[in-house]
Structure formats: C-alpha cells, structure tokens
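> whatever this is, show me its structure:
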Amino acid sequence: MKNIFSTFAVILTLLTSLTLGSCSKSEEYSLNVPAKGIIVTKPGDSGTTSFDSSNITSITATSVPSGWTVNNIDMYNSTITVTAPSSFDNDEEQNGTITLKGYTPTGNTKSIDIYVAIVENIVDYYASPANCYVATKPDTRYIFNPMIGGCATPLQTAKVQIIWETTEKLIQYLDMRDGKASFYIAGYKEDEDAEDVGVKAGNALVGGYDESGNLIWSWHIWVTNNDPVATENTITLNGETLMNFNLGAECNSNGSTDGTTIFNSYGLYYQWGRKDPFVGPTTYDFDLNDDHTMTNYNGSYAYINYVESTSSEGTLQWASDNPLSIIKGYKENDYDWMYNGHDNTLWSTTTKTENDPCPAGWRVPDASVYANLTIATAYDEMAWETLQPQYGIMLTDTETAAEYFFTAQGRRNYLDCRLDIINDDEVCPIPWSGYYWTATTDGGDASAMYFDLNTTTRTWNGFDAKRAMHRANALPVRCVKE
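The predicted model follows:
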C-alpha cells in the first residue's frame, strides 16, 4: 500500500509540474506605447506618455540615451515620464531610444523601444481649431486641440489615433496629454544628394476617441511641401482669394504631362457636406480604378467601405462616426448620401461651418467664385492628342484675362461611389473630366464647377461654372479665404 501511495505522489508531482509549466508557457501578456515616443521641445524639459499593458506587474528601463532620465513609470496611471538632458557638454544625446522591459507575475518579460527626442521646431494650431491641419515643415512638432471638433464643437476626447494615412509613418509619435494633441513630421529627401530637406507629402486622418473607445471626431492632416496658404500659391477669382491647389494635393500640375506631377495634383474627394475626405486612385490615369492604398495606426491596410444610404446609415451622425464609409446616393432623395431631406447648412456660402473640410481661415467657396471663368481659347482649339495627356485645362478669367490651370481628376460617382474619370459615351466620348465642389446648393443637388475634354470636336468641350451635381458625388475642393 505504501508503494501505491508513493507512486501516486510521484505522478501527482509530475502532473502539477507539467501543469505549471504549461501555464507559464501559455501566459498571455502585452506591453505597448501607442505614441511610440516622447517628444519634448527644449533641453531639460520633461515629457509624459501613456502605455497599454496586460498582465504586466512592473516595468524597468534597461537602456536610456546619454543624458536622459526616466523619472517615473506609473503602473497605476499607465504613464511614463522622462526628462531630456539640460546641456550637451558631455556627449549627451538630443534623441535616441529607450528600451523598456515589462515583467509578468511568473517572470515572463516583454521588451519594447520608444523614441525620445528634443524637437525645438513647433507649429501650434491649438488656438485655431478646424477639421484640417496643414503640415509643411520638416523635423517639426505640430500641436492641435482635440477637445474641439470643427470650429467649436466641444468633445470629451480621451485618446487620439491614426485612422488612415496614405504613406506609412507619414505622421509620427501622435500623442495626447493635458488636453493637447501632437504629432511629429520628419524630414525627408526625395534624393539623398538633395541639399534641401522637405517632408514626405501625403494625407492622414486622425481620430479622437472617448473613454469607451468610441470615435467621436476626426481631423485631416495635410502634409505638403508647398504651403497652400502662401501668397504665391493662391489666385484671385471674382475678388476672392482661392487656393491654387486642390485640398489634399501636393501641387498644381500646370499642364505638365508627367504622370507623377499630375497624380500629385489630384488631392482628395469629398461628398457634399461631409468633413472627412476620401482618397483617389492609385495612378494618375485611373489604371484598374483601384483606391489609393491606406494604412492604419498599426500599419495594417485600411479600406474604404461602400455602403447603401438607409435610415440609420444615411445620417450626419453616422457619417461622422464612420469616416471610412462612403455612402451611395439614395434615389428617392435626389441621390443625396443622406436618406431623408437635404441639409443645406453643412457647408455655407458665407461662413465656415462645423463640417467645413478646409483649414482654419478657409472654407468651401460660393459658386460665384468661378462665375467669370471660361475655357482658354488656345486650349479650346488645341488638338485633343496634345491636350489629353495634360489631364486638365487652362481656364481664363474673363474679367482680368488671367489664366489658371485646373486638374481633371474626375470624381467618385453618386451611384456606387467608385472612381470615375472617363465617359464612354459613343456620341460624345470624354477621356477626362474635372469637377470642383462649391457650397452653393441647387434644390436637391449642389453646384460644382465642371469641364471636360471631347475627342471628336472642339465645339463639344464642356464648361459650366455652376453645374448641378448629386450630393453623393465625391468631388475635389479648392478652399477660399474667409
């Protein structure tokens, strides 16, 4: 009997050992710093960011750049605070990487790196809230107010996160602390031998989330090497100052036939009255008609959702809560993306609204801004084989005789919201067309400046300074100064 009990004890010990070993190996734990870094603005400054962890009981800093100090790792509030060196007399580093090691109750570990840096260049938009912020300066920290949506909508934002961006790491170290949100734009050289450092051009959408993780607002970050509000990048039409770039574009192609230049001039697309943009095609000639690639906060691909307008989805609130969803036109409501009625207050011809997609100090223009334009004679008479590769047309101001180039970047059509630049009409073939939203409404529709190229006869070239378009169309926008 004694041998039986001894054998049982040995078996029980072995089973217990195997069970404990199995638990240890399958233990679940995680450690992450969403901002990926801590940016301070001058030597000696302290900075704090939050971390997310699961089953981590303690964290230590195992590697710290020279001169930097990890002041506090607060496990209760899930924050990390560091202080930058106050001088650089003894090889202290202006930037570097801190390695953090998290420990589980059973001794497992998880290590992550976070970037720390002193960035003295700051652009502060905090006092100028809008739905779009322009970033043009390399090696710069940008600050905005995440507690206000549009111009004045109060928000209870608890965190900010990238919804999508057209280039991975376009904006970096996105963080929120003490009611202020910030992100970093790195320097970038297209050519390593270039003397000037610029930015990697593109667009991003940043979301603000409440304590429960619900998206409550979103902001467009427009990263460009050409400041669209600079005097040299604006034009005057009918007494108004208009951006010479499409909202979200890098340039005006100005009649170039270079595919990259044309592509960089397209910008983003907006359904009438919505504040959030949609990306355009992957190539300037709409090859395969695919949507431009986007990635989200963790580097995974993000995609546009194409949804029907219904009593629940076809509302302003739902559209705001779902900025990656483009809403198809509802036939019974004049092909508006809204299911019931038409809200003419979403964009205004006289003042900036909460849903206006332009940067602070700018808004969607009234249709009258385009009233004096017509197709330039030389372009109207140009052989279509010469004009077609330009993907756009020169328009003349009949009041001043000044000429301005407008890109023909097509649209996302109101029926299925797919990209559309070519009309295959057998009677009037159009190889490309251009559309520009205005804030002016036209019954159930809204007004857009429109032009197209016809390959059969010059007399069929089309232009309309105020064409009625269904509101579910997604068109480019040129912003006008308030």
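
> list the contacts of Ser309.
Contacts for Ser309 (Cβ atoms under 8 Å, 6 or more residues apart in numbering) come out as 327-330, 333, 336-339, 472. Just so you know, the C-beta spots here come from the backbone N, C-alpha and C atoms, and that holds for glycine as well.

> what's the closest non-adjacent residue to it?
Excluding its sequence neighbours, the residue lying closest to Ser309 (Cβ to Cβ, 6 or more residues apart in numbering) is Tyr330, at 3.9 Å.

> how about that neighbour, what does it touch?
Tyr330 sits next to 308-309, 314, 336-339, 472 when contact means Cβ under 8 Å, 6+ apart.

> rerun that using 10 Å as the cut-off
Taking Cβ atoms under 10 Å, 6 or more residues apart in numbering as the criterion, Tyr330 is in contact with 308-311, 313-314, 336-340, 414, 470-472.

> quick check: bridge partners of it?
Bridge pairing for Tyr330 (DSSP bridges) gives the partners Asp336.

> so how far is stretch 158-172 from its chain's centroid?
Stretch 158-172 sits 7 Å away from the centroid of its parent chain (Cα atoms, centre = their mean, to the nearest Å).

> ends of it, how far apart?
19 Å (Cα to Cα, to the nearest Å).

> and stretch 315-327, which residues are buried?
For stretch 315-327, burial by neighbour count (16 or more other Cβ atoms under 10 Å) applies to 315, 318-320, 322-327.

> residue boundaries of the helices in the protein?
Listed in chain order, the helices of the chain (DSSP state H) span 2-26, 259-264, 316-321, 377-380, 384-387.

> show residues contacting the third one.
If you take Cβ under 10 Å, 6+ apart as the criterion, helix 316-321 is touched by 149-150, 153, 214-218, 271, 273-276, 307, 309-313, 315, 325-327, 337-339, 343, 346, 354-355.

> any chance of a PyMOL selection covering the buried ones in the residues you listed?
Selection of buried members from the contacts of helix 316-321 for PyMOL, criterion 16+ other Cβ under 10 Å:
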select buried, resi 149+150+215+216+217+218+271+273+274+275+276+307+309+313+315+325+326+327+337+338+339+343+346+354+355
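
> out of the contacts of helix 316-321, which are inside strands?
Mapping the contacts of helix 316-321 onto strands (DSSP state E) picks out 149, 153, 215-218, 271, 307, 325-327.

> roughly how far apart are Gly202 and Ile112?
26 Å (Cβ to Cβ, to the nearest Å).

> between the two, which is the more surrounded one?
For Gly202 versus Ile112, neighbours defined as other Cβ atoms under 10 Å are more numerous around Gly202 (22 against 16).

> next one, pLDDT for the closest residue to Gln409 other than its chain neighbours please.
Closest residue to Gln409 apart from its sequence neighbours, by Cβ to Cβ, 6+ apart: Tyr266 at 4.1 Å. Here the pLDDT value assigned to Tyr266 is 98.

> let me know the closest of the contacts of Tyr330 to Lys36.
Among the contacts of Tyr330, Glu313 lies closest to Lys36 (Cβ to Cβ), at 33.9 Å.

> now that closest one: how far from Val123?
37 Å.

> chain center to stretch 201-221, what's the gap?
Between the centre of stretch 201-221 and the centre of its chain there are 9 Å (Cα atoms, centre = their mean).

> now the end-to-end length of it.
One end of stretch 201-221 to the other measures 11 Å (Cα to Cα).

> before we move on, what about stretch 139-157?
Length of stretch 139-157, first residue to last, Cα to Cα: 27 Å.

> quick check: buried residues in that stretch?
140-151, 155, 157.

> just those now: which is nearest Thr104?
Thr157 (31.6 Å).
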